[in-house]
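Asker: I'll drop the sequence and a predicted model, then ask my questions.
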Amino acid sequence: MAQIDGSSVWIDLLCRIKPTDMQKGKDRVARFNNLSRSIVLKKTYQTRLQGKSVLLVDDVMTTGATLSACAEVCRQAGAEKVNTVVFARVARLE
């Protein structure tokens, strides 16, 4: 854990508990299904999110499936608010 401006930074908050297929080439529904029940909160953080605001950081967002799965885990652990930031967004050209 580190601290930035009085806020805690936990780079190991979440853990993937089962192998998943690569998301590349999957449509939105398949991406969400692929991540279903694959991400959990590490046990050492089980009680630390209650009433907290969480900021999830991801490198690239395509459909939002990974961020959605992570946000849901945080909300189930009691996070009051979950925000996200991404460095790149994949544009869908149709």
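Answerer: Happy to help now that I have it. Numbering: from 1, shown residues only.

Asker: use CA for all of it now, contacts and neighbours both
Answerer: Will do.

Asker: what's the first helix or strand after the worst-scoring helix or strand of the chain on mean pLDDT?
Answerer: Taking mean pLDDT, DSSP states H and E as the measure, the helix or strand of the chain with the lowest value is strand 2-4, at a mean of 59. If you walk from strand 2-4 toward the C-terminus, the next helix or strand you reach (DSSP states H and E) is strand 7-9.

Asker: partners of that next one, with directions?
Answerer: Strands that pair with strand 7-9, judged by DSSP bridges, come out as strand 2-4 (antiparallel).

Asker: wait, what's in contact with residue 84?
Answerer: Contact partners of residue 84, counting by Cα atoms under 8 Å, 6 or more residues apart in numbering, are 55, 56, 57, 58, 67.

Asker: if you set the cut-off to 10 Å instead, what comes out?
Answerer: When contacts are counted by Cα atoms under 10 Å, 6 or more residues apart in numbering, residue 84 is found next to 54, 55, 56, 57, 58, 67, 68, 70, 71.

Asker: next, the fourth one: secondary structure please.
Answerer: When the structure is reduced to helix, strand and coil (DSSP: H, G, I helix; E, B strand; the rest coil), residue 57 reads as strand.

Asker: still on that earlier bit, now, of the contacts of residue 84, which are buried?
Answerer: Among the contacts of residue 84, those that count as buried by neighbour count (16 or more other Cα atoms under 10 Å) are 54, 67, 70, 71.

Asker: got JSON lines for those, with pLDDT too?
Answerer: Output for these, formatted as JSON lines (pLDDT from 0 to 100):
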{"residue": "54", "pLDDT": "93"}
{"residue": "67", "pLDDT": "91"}
{"residue": "70", "pLDDT": "92"}
{"residue": "71", "pLDDT": "94"}
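
Asker: the helices in this protein, which residues?
Answerer: Listed in chain order, the helices of the chain (DSSP state H) span residues 28-35, 65-76.

Asker: measure the residue nearest the centre of the chain to residue 92 for me?
Answerer: With distances taken as Cα atoms, centre = their mean, the chain has residue 70 as the residue nearest its mean C-alpha position (2.7 Å). Taking Cα to Cα, to the nearest Å as the criterion, residue 70 is separated from residue 92 by 23 Å.

Asker: between the contacts of residue 84, which sits nearest residue 23?
Answerer: When the contacts of residue 84 are ranked by distance to residue 23 (Cα to Cα), residue 67 comes first, at 13.0 Å.
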